[in-house]
Structure formats: C-alpha cells, structure tokens
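Student: quick one, what's the 3D model for this:
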Amino acid sequence: MTLPFAGEVAALAAAFIWSVATFLYTRTGNRAPAVFLNLVKGAIAVAMLMATILALGDSAPDLTASQWLWLAGSGVVGISIGDSAYFSAIKRIGPSQTLLIESLAPPLTGVLGMFFLGEAIGLTAWLGIFLTMSGILWVVTEHQPRSRPNLPGLAFAALAALCQALGMILSRQVMVTSEVTPLWAALVRLGAASLVLWAVMPVIRPGLVLSRETWRAVGTARHGWALFTLAVFLGTFLGIWLQQASLKLTSAAVAQTLISVSPLFALGLARLGGHPVSRRSVVGALVTLCGVALFFR
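Tutor: Now for the predicted structure:
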C-alpha cells in the first residue's frame, strides 16, 4: 500500500538531505578538485548501496537488456555528464547564474515527459512548477552580478539542465515499466556513472587519482574525511535513493521541481547557523511554499 503523496514527500526529503550534504561539504575545508571529489563520493556511495542491498536481501530486478541500458544511460547522462557540466558552470559563472539556468530543468522534464512518457500534467501542477521555480529564482538572483555574459559557462549550465531532465526521463521510463526498486535503480545509475568517470579520468586528468596531495587535500579541515563520508552518506546514498523513490511514485516533472527547492532548505540552514536572511529571500521562500502546496492538492 502506497501512502498518499509518497513520491512528493520523497522528493522534498531528497532536497532537504542534499542541502544538508552541501553544508557538510563546505565544512570539510578540502581543496581537492571537484572532479576528484565526484569520483570518490561515487565510489563510496556505490559501496554503501551494495552493502544495503545485501543486508536487506533485495534481489536483482528482472529487467530486459534495454531496461538495464536505459537505467545505466540515465546515470551516465544525469550524473556523469550533468554533474560535470554543473561543476564547470559554477566554476565559470558562479552558483547564482548556474541555478538560474538550471531552473529550466523542471519545465524541460515536464515537456519531455509528455512527449516520451505520455505523462499528462494538469494546470494545477504547471502552476505549482511556475510558482516554485519563481520563488527559487527570486532568491538566487538577489545578488546577481552585472557583468558580460560568460558564454561557455552559460552553455555548461544549460547542458546541466538538459542532462538533469533527460536523466530523470530515462530513469522514470524504467521505474514505471518494471518492478525495479529505488535502491537497485540508484545503484545501477550511480554505478554506471562512476564507471564512466573512472574510465575517462586517467585520460583527461592523468595522475590525479594517484596523487598523494589530492587525497590529503580532502582532509585539510579537522575531521575532514569523516565529514566528507557523512556528506556522501546523506547526499549521494540517501539522496539518490529518495530521488528514485520519487520517480517511482510521482511524475518526473513534479519530482524534479520539488527536488529543485534544495536552495531554499539551504537558506533555512543558514538562518539556523546565525546568518542573516533578507526580506527578499523570505518572500521567495513563501512563494515557493505556495507552489509546493499545489502539488499536495
């Protein structure tokens, strides 16, 4: 028996967990390259997922060859390519502009879902998407710098949004047509993404993984590796598991939109940490909450 709005709750839980993980990543104080951190967190999370599957006795799903490929492909597109483009965009244009362009992901997911999955999204859901993303954009553009556009950075951000949408659609297609569990789906997606990254990394950044300085950089802060592992457990292990659960139980567009409210949770965590929150941020958060509320009608 599925609880009412279980998919929506799972998506919001994933958004909250990712905001906590982001906060922990900033506390590790490491200076290791982002691509190296992506490799390590993927490997740790895959080990956690495999251990959980063995502990729960979750047997392998009975999928066709094409379904295995669709699921693995969603990980390569959404995590390997999408995350790499996301990190590249942040490096070039900063988090505010990156999140601004990434706001295209939920409507893109909705359009792709209609064309490829036949998911009909009602007027109320579209209004919820509009309000939710408007509130987020109102917050993240508060300190938007006025400068000449960085076209490569904008292109990477747009690529990240497209890959997020495609990854959600590819994964959703398998989740609704098979009995695969969210745990196995998370393992296949993350495992495929990690394999691709580990295969490509020696070519584009030779010697990075074997460098002692790179590994030491992760633990420059006190308890750096412990905080990093906790962030991986929350953000990658639990986060992707909950993301797959939301895709199993609600439409791809709704799941993507609710997961996108992670910056608002980060705002609340910053306020709890003693950082001031502007009136504009409060208004944006209230608009976002109104949009989220429409999904629970």
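Student: which neighbouring elements make contact with the helix or strand hosting residue 226?
Tutor: When elements are assigned from DSSP states H and E, residue 226 belongs to helix 224-231. Packing partners of helix 224-231 (3 or more C-beta pairs under 8 Å, 6 or more residues apart in numbering; DSSP states H and E): helix 6-27, helix 34-56. Quick note: C-beta positions are derived from backbone N, CA and C, even for glycine.
Student: closest to residue 252 out of those helices?
Tutor: Of all the helices and strands packed on helix 224-231, helix 6-27 sits nearest to residue 252, with 10.2 Å by C-beta to C-beta.
Student: residues contacting that closest one, please?
Tutor: 3, 37, 221, 227-228, 230-232, 234-236, 238-240, 242-243, 245-250, 254-255, 258-263, 265-266, 269, 292, 295-296 (C-beta atoms under 8 Å, 6 or more residues apart in numbering).
Student: switch to 6 Å and redo it
Tutor: With C-beta atoms under 6 Å, 6 or more residues apart in numbering as the test, helix 6-27 has contacts from 227, 230-231, 234-235, 238-239, 242-243, 245-246, 249-250, 255, 258-259, 261-262, 265-266, 269, 295.
Student: cool, stretch 114-128 as well?
Tutor: 110, 113, 169, 251, 253, 291, 294, 295.
Student: may I have it exported as PDB, CA atoms only?
Tutor: In PDB, the C-alpha atoms belonging to stretch 114-128 read as follows (Å, rounded to 0.1, in the frame of the first residue of the first chain):
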ATOM      1  CA  MET A 114       4.700  14.500 -22.200                       C
ATOM      2  CA  PHE A 115       6.500  13.600 -25.400                       C
ATOM      3  CA  PHE A 116       8.300  10.400 -24.400                       C
ATOM      4  CA  LEU A 117       6.300   9.100 -21.400                       C
ATOM      5  CA  GLY A 118       2.800  10.300 -22.200                       C
ATOM      6  CA  GLU A 119       2.600  12.000 -18.800                       C
ATOM      7  CA  ALA A 120      -0.300  14.500 -18.800                       C
ATOM      8  CA  ILE A 121       0.400  17.300 -16.300                       C
ATOM      9  CA  GLY A 122      -2.600  19.200 -15.200                       C
ATOM     10  CA  LEU A 123      -3.000  23.000 -15.000                       C
ATOM     11  CA  THR A 124      -2.500  23.000 -11.200                       C
ATOM     12  CA  ALA A 125       0.800  21.100 -11.500                       C
ATOM     13  CA  TRP A 126       2.100  23.500 -14.100                       C
ATOM     14  CA  LEU A 127       1.100  26.400 -11.800                       C
ATOM     15  CA  GLY A 128       2.900  24.700  -9.000                       C
END
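Student: next, the buried residues of that stretch.
Tutor: Judged by neighbour count using 16 or more other C-beta atoms under 10 Å, the buried positions of stretch 114-128 are 117, 119, 121, 125, 128.
Student: now do that stretch: distance to the chain's middle.
Tutor: Computed by C-alpha atoms, centre = their mean, to the nearest Å, the separation of stretch 114-128 from the middle of its chain amounts to 21 Å.
Student: one more: stretch 129-143?
Tutor: That offset, for stretch 129-143, works out to 18 Å (C-alpha atoms, centre = their mean).
Student: for it, give the mean pLDDT please.
Tutor: Average pLDDT, stretch 129-143: 76.
Student: who touches it?
Tutor: By C-beta under 6 Å, 6+ apart, stretch 129-143 touches 96, 99-100, 103, 106, 257, 263, 280-281, 284, 287-288, 290-292.
Student: is residue 61 in contact with residue 180, as I believe?
Tutor: Yes. If you go by C-beta atoms under 6 Å, residue 61 and residue 180 touch, sitting 4.1 Å apart.
Student: neighbour-wise, which of the two wins?
Tutor: residue 180 (22 against 17; other C-beta atoms under 10 Å).
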